[in-house]
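J.: One predicted model, sequence on top.
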Amino acid sequence: MSLDTEALKKFFLEASIQTYAAGAKPATIPALPGSKLLTYARPPLRYVDTYFTSPIGVSWGCTLLYHEAFLPRPVWRFCYDGWYDRSDQRITAFLRAALATAYQSGEFIGGRGPQIFTTPKFPSLIYYNHVPERDFQAPAGRDAIVVENTKDGDDRERYWHTYHGGLLV
């Protein structure tokens, strides 16, 4: 059986809008204390995003897509890891807004947000997504959130993640 990668990509965007970008409340996997689990399904496809955050802001995770015809194995993966400033309460809300903007556009931009994003709601924050490889079959890149115009005049990164992934079948 061949896999319709265009349908899989559209499903990823749909599921991503409905989960993390929407602020969905994650579950916890009992065997993985501290885990956060977001799921979404529209048969024959299933989205499973598991991630972790540490007390010092280190965060990492993996999103898997499943197709009923290939169970129990996933057909696509997307892994990410990095850091965010847990003391800046704006970061998570701003990241969700950036990701939602990209996902709602229907364009796959490496699996993260737009190449650059700002909004009047968060005037000093800028989201950047460096995407050397947009291909859904093997995405890779690095995204970041920078705070402009800090008190000492130095722009500061308050969030960053590297990411990669691709087809598994």
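T.: Cool, the structure landed. Numbering: from 1, shown residues only.
J.: What segments of the protein are strands?
T.: Listed in chain order, the strands of the chain (DSSP state E) span 36-42, 45-53, 58-67, 76-84, 116-117, 125-133, 140-147, 156-167.
J.: Averaged pLDDT, the last one. What do you get?
T.: Averaged across strand 156-167, the pLDDT comes to 96.
J.: Pairing partners for it, with directions?
T.: When pairing is defined by DSSP bridges, strand 156-167 lines up against strand 76-84 (antiparallel), strand 140-147 (antiparallel).
J.: So which of these is the most surrounded?
T.: Highest mean neighbour count of those: strand 140-147, a mean of 20 (counted as mean count of other CB atoms under 10 Å). All C-beta atoms are positioned from the backbone trio N, CA, C, and that covers glycine.
J.: Mind picking out the helix or strand in this structure with the poorest mean pLDDT?
T.: Least confident helix or strand, the chain: strand 125-133 with a mean of 94, by mean pLDDT, DSSP states H and E.
J.: Just give me the residue closest to the centre of this protein.
T.: Taking CA atoms, centre = their mean, the centroid of the chain lies closest to residue 112, which sits 5.2 Å from it.
J.: Touching, that residue and residue 100? I think so.
T.: No - taking contacts as CB atoms under 8 Å, residue 112 lies outside contact range of residue 100: 11.4 Å.
J.: hang on, the earlier thing: the least confident helix or strand of the chain packs against which elements?
T.: Under the contact criterion of 3 or more CB pairs under 8 Å, 6 or more residues apart in numbering; DSSP states H and E, strand 125-133 touches helix 90-105, strand 116-117, strand 140-147.
J.: Tabulate the ones you listed (CSV), appending mean pLDDT.
T.: Formatted as CSV, the helices and strands packed on strand 125-133 follow (pLDDT from 0 to 100):
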stretch, mean pLDDT
helix 90-105, 97
strand 116-117, 98
strand 140-147, 97
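J.: Dump these to TSV, plus distance to residue 134.
T.: Formatted as TSV, these follow (distance: least, CB to CB, whole Å):
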stretch	distance to residue 134
helix 90-105	11
strand 116-117	15
strand 140-147	8
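J.: Bridging across strands, which residues link to residue 84?
T.: Beta-bridge partners, per DSSP bridges, of residue 84: residue 159.
J.: Could I get the contacting residues of it?
T.: 53, 57, 59, 91-92, 95, 145, 158-160 (CB atoms under 8 Å, 6 or more residues apart in numbering).
J.: among these, which two are most distant?
T.: Greatest spatial distance in those: 53 and 145, 15.1 Å, computed using CB to CB.
J.: Now a ChimeraX select for only the buried ones of the contacts of residue 84.
T.: Filtering the contacts of residue 84 down to the buried ones (16 or more other CB atoms under 10 Å) takes a single ChimeraX command:
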select :53,57,59,91,92,95,145,158,159
